[in-house]
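Visitor: When you get a sec, could you give me coordinates for this:
(one chain, ligands or ions: 1)
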Amino acid sequence: MSVVISAPHDGYDRNTGRIAELMSSALYGNPDLAVTMKGRKIGKVDINRPGNTEESKQAFEAYMKKVEEVSKKVKSKEGLGALLQGYDDTFLVEIHGKKNTSGKQGYIEIATKGMSKKEEQFIKDLLYEGVKFEKERTFKEEGKRVGWIDEKGVGDAEIVFRASKAKEEGSFSKVGKGIHVELGAKLRVSPHNPDKLTLEGRCVHRALTAAIAVYSGLTPKGKSIQKTFNHLQSYSRK
Ligand SMILES: [Zn+2]
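Guide: Numbering: from 1, shown residues only. A predicted model of the protein is given here:
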């Protein structure tokens, strides 16, 4: 399985490109294996959907070409070759932004493509476990308490999984499997410095990366989140 992390609306969905690069660094030791497009939703142009105009169609095609290029690079990457051989499908992870709703601090919505209920439950459990692990690790190693994230999605940050129908005509129609992730503004942008991620945001995308690594078989041995976090050593803690 070739995992491609992508932020099609970087520049509009603030800091999503940075998150995609951090995730790609952690998975492959290379931020350039993330797809970041300065695309945005303006009028009829939406980079991850073909839309109805020629301009929109071209933007979408350029985006998918980039996804394909990166997917090929990921497959041929040294060291991962053995793990990835035999899979010609791409697991697309699209990172998007979402405005916070109903006064909640953060919001995480995940829609899946091509995953069975069992696989969905697997990645969901991994994500919850990852958030729990990352909260504890951050406190132990950095002495910082991650606030308002509840790994079961019952706190101020809600983790919602939704089967995706709306994604059928866009980028997710082209790939076998994938997840579409929407992160609330407070998980992407620090109120004090818009270029920085919040502690809670770091916690969530690290957990997400670990869940993806376990789900897609990118971890060397064992399937535990803890081992995966240890394996993801190149992960920037900034
Ligand atoms: Zn978006």
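Visitor: what residues does the protein put near the ion?
Guide: 9, 13, 96 (Cβ under 5 Å from the ion). The C-beta positions use only the backbone N, C-alpha and C, and glycine is treated the same way.
Visitor: one more time with 8 Å
Guide: Within the chain, the residues that sit near the ion (Cβ under 8 Å from the ion) are 8-9, 12-13, 16, 41, 48, 94, 96-98, 182.
Visitor: Tell me the buried residues within those residues.
Guide: Burial by neighbour count, judged by 16 or more other Cβ atoms under 10 Å, picks out 8-9, 12-13, 16, 48, 94, 96-98, 182 from the residues of the chain next to the ion.
Visitor: low pLDDT regions in this protein?
Guide: Applying pLDDT under 70 to the chain flags the ranges 39-45, 77-89, 100-103, 153-156, 163-168, 220-223, 231-238.
Visitor: Show the subsequent helix or strand relative to the helix ranked longest in it.
Guide: Residue-count comparison of every helix in the chain, with assignments taken from DSSP state H, identifies helix 117-142 as the longest. The C-terminal neighbour of helix 117-142 among helices and strands, as given by DSSP states H and E, is strand 157-163.
Visitor: Flag every buried residue along that next one.
Guide: Those buried within strand 157-163 under the rule 16+ other Cβ under 10 Å are 157-159, 161.
Visitor: So what angle separates the directions of it and helix 117-142?
Guide: With axes from the mean of the first three to the mean of the last three Cα atoms, to 10 degrees defining the directions, strand 157-163 sits at 160 degrees from helix 117-142.
Visitor: Mind giving me the packing neighbours of the helix or strand that comes right after strand 157-163?
Guide: Elements were assigned by DSSP H and E; along the chain past strand 157-163, the next helix or strand is strand 177-184. Packed against strand 177-184 by the contact rule (3 or more Cβ pairs under 8 Å, 6 or more residues apart in numbering; DSSP states H and E) you find strand 90-98, strand 106-113, helix 199-215.
Visitor: Partner strands of strand 177-184, with direction?
Guide: strand 90-98 (parallel), strand 106-113 (antiparallel) (DSSP bridges).
Visitor: Tell me which of the ones you listed sits most buried.
Guide: Across the strands paired with strand 177-184, averaging neighbours per residue (mean count of other Cβ atoms under 10 Å) puts strand 90-98 on top, at a mean of 24.
Visitor: Only alpha carbons, please: show that one as PDB.
Guide: Included here for strand 90-98 are C-alpha records, laid out as PDB according to Å, rounded to 0.1, in the frame of the first residue of the first chain:
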ATOM      1  CA  THR A  90      -2.700   4.100  -3.200                       C
ATOM      2  CA  PHE A  91      -4.100   4.900   0.300                       C
ATOM      3  CA  LEU A  92      -4.800   8.600   0.000                       C
ATOM      4  CA  VAL A  93      -4.800  10.700   3.200                       C
ATOM      5  CA  GLU A  94      -6.200  14.100   2.500                       C
ATOM      6  CA  ILE A  95      -5.900  16.700   5.300                       C
ATOM      7  CA  HIS A  96      -8.400  19.500   5.200                       C
ATOM      8  CA  GLY A  97      -9.400  22.300   7.500                       C
ATOM      9  CA  LYS A  98     -12.800  23.000   9.000                       C
END
